[in-house]
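Asker: need a 3D model of the sequence below.
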Amino acid sequence: MKMRKTIRTGRGLLDLTRPAVMGIINATPDSFYSGSRIPDTEAAARCGEMLRAGAAIIDVGGCSTRPGAPVPSAAEELERLAPVLSRIREQYPDAILSVDTFRASVAHECVVRWNADIINDISGGDLDPDMWDAVAELGVPYVLMHTRGTPDTMQSLAVYDDVAAEVLRDMAEKVDALHAKGVADVIVDPGFGFAKNIDQNYRLLASLGAFSSLGCPLLAGMSRKTMVWKELGITPEQSLPGTVALNTIALLNGADILRVHDVEEAVQAVGVAEAYLRNVPERNTILTLGHDRDSADMSLV
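Answerer: Numbers count the residues shown, from 1 in each chain. Next up is the predicted model:
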């Protein structure tokens, strides 16, 4: 099965023949990276900056998933999202907006009221059993992320015999279940930093190409995460160069979407990776085969 290189949104088809950049706007007071915490009065301006820098998608979240962060109620999450989404939609009506939420009720409200285009669920449907039905009913693309447990418990569950094989197997089952429910556009996110320790994150990154066998666009979200700053003994604020390096590796291994705090740098990484792959025919052949489910190496499954 050939991997689809487009996803259908309320603003038309999003072409992923060239990898896309998803810019992060956090409408939360406690995101792990302080630079991503945007007051609602500044959200539209930040959105504009990201779009001008080359972002194809803007991902807005109202609930921090940092370990130990307090989980707001659905009402509080919507209270945080409402002014941000309203201002962005008013000023940038054609922007492709993704909403980062694990709640079906929040997803429904954001799609109906503010024409959100994509639902980005860090729980992969595990935290709200109604989420998949809601996404199917709404007819929007769905980012299926891998994790285990909750933000408070996930790191205690980072136990795998083979992290890449086990994550791939779990996601294959969920992709099939989502398609069976009628969710046509599924984007796969292996969940870097969620129920994985640092070494497991890097093993997952090394095996990223195997996830193209799922026949879905592949999202990599590693921006300023612990796999950068803890590994290097620095802070999230100092971790942009390491993030660019990780994003480049992800692109060389088949990532179709980069979820980032720093759009301009990610867009440059896409351009450099494209130039490199264009001039290494052997590498291009490997990646092309990796997007064919019938031809791909399925030894990890």
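Asker: so which residues of the stretch 51-200 of the chain form helices?
Answerer: For the stretch 51-200 of the chain, applying DSSP state H, counting those that start in this stretch gives helices covering 74-91, 104-114, 131-138, 163-181, 198-206.
Asker: for residue 146, find the nearest of these.
Answerer: helix 163-181 (5.0 Å; Cβ to Cβ). No exception for glycine: its C-beta is placed from N, CA and C like everyone else's.
Asker: quick one: residues in contact with the helix or strand in which residue 25 is found.
Answerer: Taking DSSP states H and E as the criterion, residue 25 maps to strand 20-26. Contact with strand 20-26 is made by 14, 36-38, 43, 46-47, 50-51, 53-61, 64, 84, 88, 98, 219, 223, 256-261, 263, 266-267, 270, as judged by Cβ atoms under 8 Å, 6 or more residues apart in numbering.
Asker: same thing but at 7 Å, please
Answerer: 14, 36-38, 43, 46-47, 50, 54-61, 84, 98, 223, 256-261, 263, 266-267, 270 (Cβ atoms under 7 Å, 6 or more residues apart in numbering).
Asker: need the helices of the stretch 51-200 of the chain in a markdown table with distance to residue 229 and mean pLDDT, can you?
Answerer: As requested, those are exported to a markdown table (distance: least, Cβ to Cβ, whole Å; pLDDT from 0 to 100):
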| stretch | distance to residue 229 | mean pLDDT |
| --- | --- | --- |
| helix 74-91 | 26 | 94 |
| helix 104-114 | 29 | 97 |
| helix 131-138 | 31 | 98 |
| helix 163-181 | 20 | 97 |
| helix 198-206 | 10 | 97 |
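Asker: identify whichever of these lies nearest to residue 228.
Answerer: helix 198-206 (9.4 Å).
Asker: and the helix or strand following that closest one, how far out from the chain middle?
Answerer: Downstream of helix 198-206, the first helix or strand assigned by DSSP H and E is strand 219-220. Relative to its chain's centre, strand 219-220 lies at 5 Å (Cα atoms, centre = their mean, to the nearest Å).
Asker: wait, what's in contact with residue 61?
Answerer: Going by Cβ under 7 Å, 6+ apart, residue 61 touches 26, 27, 28, 100.
Asker: any idea how many residues pack against the first one?
Answerer: The number of residues packed around residue 26, counting by other Cβ atoms under 10 Å, is 25.
Asker: for it, give the beta-bridge partners.
Answerer: Beta-bridge partners of residue 26, counted by DSSP bridges, are residue 37, residue 61.
Asker: distance of it relative to residue 45?
Answerer: Residue 26 sits 15 Å away from residue 45, going by Cβ to Cβ, to the nearest Å.
Asker: just the contacts of strand 20-26: which are in strands?
Answerer: Secondary structure from DSSP state E places 14, 57, 58, 59, 60, 61, 98, 257, 258, 259, 260 of these in strands.
Asker: the last one against residue 222, yeah?
Answerer: No: counting by Cβ atoms under 7 Å, no contact exists between residue 260 and residue 222, whose distance comes to 8.5 Å.
Asker: do you know how far residue 41 is from residue 73?
Answerer: From residue 41 to residue 73 the distance is 23 Å (Cβ to Cβ).
Asker: report pLDDT for the closest residue to residue 267 other than its chain neighbours.
Answerer: Closest residue in space to residue 267, ignoring its immediate chain neighbours: residue 54 at 3.8 Å, by Cβ to Cβ, 6 or more residues apart in numbering. Looking at residue 54, its pLDDT stands at 98.
Asker: ok, residue 54 - contacts?
Answerer: Residue 54 neighbours (Cβ under 7 Å, 6+ apart): 21, 263, 267.
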